[in-house]
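>>> pasting a predicted model and its sequence here:
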Amino acid sequence: MSTAGETRVVCHLDRLLEERGMTLAALSEQVGVTVANLSVLKNGRARAIRFTTLTALCEALGCTVGELLEVAAP
């Protein structure tokens, strides 16, 4: 188990945005989440994400949760 403050969850938002030719600002507008909050997620500093936000991100990006988020090996 990881120690407090440490996470092994990796977000692939950068890659997915690049593959789709989409900007963070465009995604923000589409899903109704601020650019600042998406940046926190993209840079691996997020500690939680609402299921509604996760669903909206996956729908906007045309991906699955497993393509957006991954648990890295220890």
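Yes, it's here. Numbering: from 1, shown residues only.

>>> please enumerate the strands of this structure.
9-11, 69-71 (DSSP state E).

>>> where's the closest residue to residue 14 other than its chain neighbours relative to residue 74, distance?
Residue nearest to residue 14 in three dimensions, not counting chain neighbours: residue 42, with 5.9 Å by Cβ to Cβ, 6 or more residues apart in numbering. Using the backbone N, CA and C atoms, a C-beta is placed for each residue, glycine as well. With distances taken as Cβ to Cβ, to the nearest Å, residue 42 is found 23 Å from residue 74.

>>> which of these two has more neighbours?
Under the neighbour definition other Cβ atoms under 10 Å, residue 42 and residue 74 were set side by side, and residue 42 has more, 18 against 6.

>>> correct me, but the more buried one touches residue 13?
Yes. The pair formed by residue 42 and residue 13 meets the contact definition of Cβ atoms under 8 Å, at 4.3 Å.

>>> thinking again about what came up before, as TSV, the strands of the chain with distance to residue 59 would be great.
What follows is those, written out as TSV (distance: least, Cβ to Cβ, whole Å):
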stretch	distance to residue 59
strand 9-11	16
strand 69-71	15
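
>>> can I get these in TSV with mean neighbour count?
Putting the strands of the chain into TSV (neighbours: other Cβ atoms under 10 Å) gives the following:
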stretch	mean neighbour count
strand 9-11	15
strand 69-71	14
